[in-house]
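Student: A predicted structure for the sequence below; I have some questions about it.
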Amino acid sequence: MELIRSDTHIDFLGRRKIAMGISGTLVLASILLLIFKGLNFGIDFTGGTLVETRFAQAPSIADVREALTPKGYGNAVIQQYGNPKEIMIRVQNRDSKASSKISNTVLDALNAKFSNKVEMRRVEYVGPQVGKELTQAGIMAVLFAMIAIFGYVMFRFELRYAVGADLALVHDTSIVLGAFAITGMEFNLTVVAAVLTVIGYSLNDTIVVFDRIREMNAANRKKKNPEDEPTTANNAINQTLSRTLITSFTVLIVLLSLFFLGGEVIHGFAFALLVGVVVGTYSSIYIASPIMLMMKGHTKADEDAVREMEARP
């Protein structure tokens with residue numbers, strides 16, 4: 001089955017130096033932000049106390065936050081669960097306070113605001129050691145994903161394709177993390193899941209382009225006057241551009257709906273995917289392919305593609 005073709009003839013790779021310069025600046029800025037400002041880790045990573053409450057009447061999230069702010073818990077994660085009367089509050093532990101004291105402080109603040117009509121249903125404590133283990137697990141998940149992708153692409157294509165794909169993923173991940181650092185949005189386990197999703201999405205786009213480049217390289221080898229490889233890669237990107245843009249556009253529509261209408265629970269998740277889809281689409285064109293071309297040379301993948309084409313009836 002052929003990819004959706006496009007009649008565009010945009011010289012993407014002719015602008016690759018400018019694009020890679022911009023990307024390099026963004027990645028460097030992201031790294032500096034992560035070093036000097038850091039991420040706003042949620043209690044999944046830092047540890048904290050979770051308090052589940054039930055109200056006599058369904059409250060607004062804004063009113064709950066207003067009640068907690070004088071006690072120093074204005075930055076708590078507040079969300080509905082079950083039904084509108086049930087509210088879950090997650091706060092970071094401060095001043096080495098015991099979890100029981102924190103939960104009592106939260107309950108007292110809510111009862112003062114809502115006329116003693118709040119019932120505590122459950123209290124759960126996440127210790128700093130658990131948070132440390134989750135941090136390590138999140139980092140290892142991303143690293144293992146990168147290593148597995150590198151191995152797959154190298155097996156399916158060749159080393160230079162694998163290097164281009166993995167560096168594009170490093171580029172995407174760095175910029176997503178940088179976006180969280182500069183905005184100060186909470187970084188929690190759902191955002192780690194979003195980062196892994198971005199890696200998969202970006203890789204899919206890159207593989208589509210790489211597969212088309214490989215097919216066209218194989219076809220060129222059978223011509224008397226073959227195109228040079230940069231021209232072939234540029235044509236491959238143009239031919240897959242329609243598919244890339246349609247896919248990205250439809251995904252962005254869903255993500256924008258989640259971001260603006262999905263509530264605070266998945267706000268960080270949707271934001272990470274919004275940034276990741278835009279950056280991932282860009283990197284499959286301006287990062288993965290140019291890096292692959294920088295390592296250009298005859299590859300086993302091209303030979304395999306030739307044999308596949310010759311075997312077709």
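Tutor: Nice, thanks for sending it over.
Student: what sits against the most centrally placed residue in the chain?
Tutor: By C-alpha atoms, centre = their mean, the chain has its centre lying nearest to residue 195, at 2.9 Å. Taking C-beta atoms under 8 Å, 6 or more residues apart in numbering, we find residue 195 in contact with 142, 173, 176-177, 272, 276. In short, each C-beta sits where N, CA and C put it, glycine included.
Student: can you check residue 275 too?
Tutor: Applying C-beta under 8 Å, 6+ apart, the residues contacting residue 275 are 175-176, 179.
Student: So which of those is surrounded by the most neighbours?
Tutor: Counting neighbours by other C-beta atoms under 10 Å, residue 176 leads the contacts of residue 275 with 25 neighbours.
Student: check which helix or strand covers that residue.
Tutor: Using DSSP states H and E, the element containing residue 176 is helix 159-183.
Student: and if you look at residue 217?
Tutor: helix 189-220.
Student: who does the helix or strand following that helix touch, helix- and strand-wise?
Tutor: Under the assignment DSSP H and E, the closest C-terminal helix or strand after helix 189-220 is helix 229-261. Contacts defined by 3 or more C-beta pairs under 8 Å, 6 or more residues apart in numbering; DSSP states H and E place helix 229-261 against helix 189-220, helix 267-286, helix 288-294.
Student: mind running it again at 10 Å?
Tutor: Where contact means 3 or more C-beta pairs under 10 Å, 6 or more residues apart in numbering; DSSP states H and E, helix 229-261 is packed against helix 16-36, helix 189-220, helix 267-286, helix 288-294.
Student: before we move on, the earlier item: run the chain-centre distance for the next helix or strand after the helix holding residue 176.
Tutor: The C-terminal neighbour of helix 159-183 among helices and strands, as given by DSSP H and E, is strand 186-187. Its chain's C-alpha centre lies 13 Å from the corresponding centre of strand 186-187 when counted by C-alpha atoms, centre = their mean, to the nearest Å.
Student: Give me the residues contacting strand 186-187.
Tutor: Strand 186-187 is contacted by residues 38-45, 75, 77, 90, 138, 177, 180-181, 195, 264, 267-268, 272 when judged by C-beta atoms under 10 Å, 6 or more residues apart in numbering.
Student: In ChimeraX, how would I select just the buried ones from these?
Tutor: Applying 16 or more other C-beta atoms under 10 Å to the contacts of strand 186-187, the buried members can be selected in ChimeraX as follows:
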select :39,40,41,42,43,44,45,77,90,138,177,180,181,195,267,268,272
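Student: Could you double-check that residue 48 lies in contact with residue 125?
Tutor: Yes: between residue 48 and residue 125 a contact is recorded at 7.8 Å, counting by C-beta atoms under 10 Å.
Student: The two: which is more packed in?
Tutor: Neighbour totals were compared for residue 48 and residue 125, and residue 48 leads with 23 against 16 (other C-beta under 10 Å).
Student: excluding its backbone neighbours, what's nearest that one?
Tutor: Excluding the flanking residues, the one nearest residue 48 by C-beta to C-beta, 6 or more residues apart in numbering is residue 92, at 4.4 Å.
Student: The one you found - how many residues pack around it?
Tutor: Counted with other C-beta under 10 Å, the neighbours of residue 92 add up to 18.
Student: Of the contacts of residue 195, which is the nearest to residue 190?
Tutor: Distance to residue 190, by C-beta to C-beta, is smallest for residue 272 among the contacts of residue 195, at 8.5 Å.
Student: Name all residues that make contact with the residue lying closest to that closest one once chain neighbours are set aside.
Tutor: Among residues not flanking residue 272 along the chain, residue 194 sits closest, at 3.6 Å (C-beta to C-beta, 6+ apart). By C-beta under 10 Å, 6+ apart, the contact set of residue 194 is 176, 188, 255, 266, 268-276.
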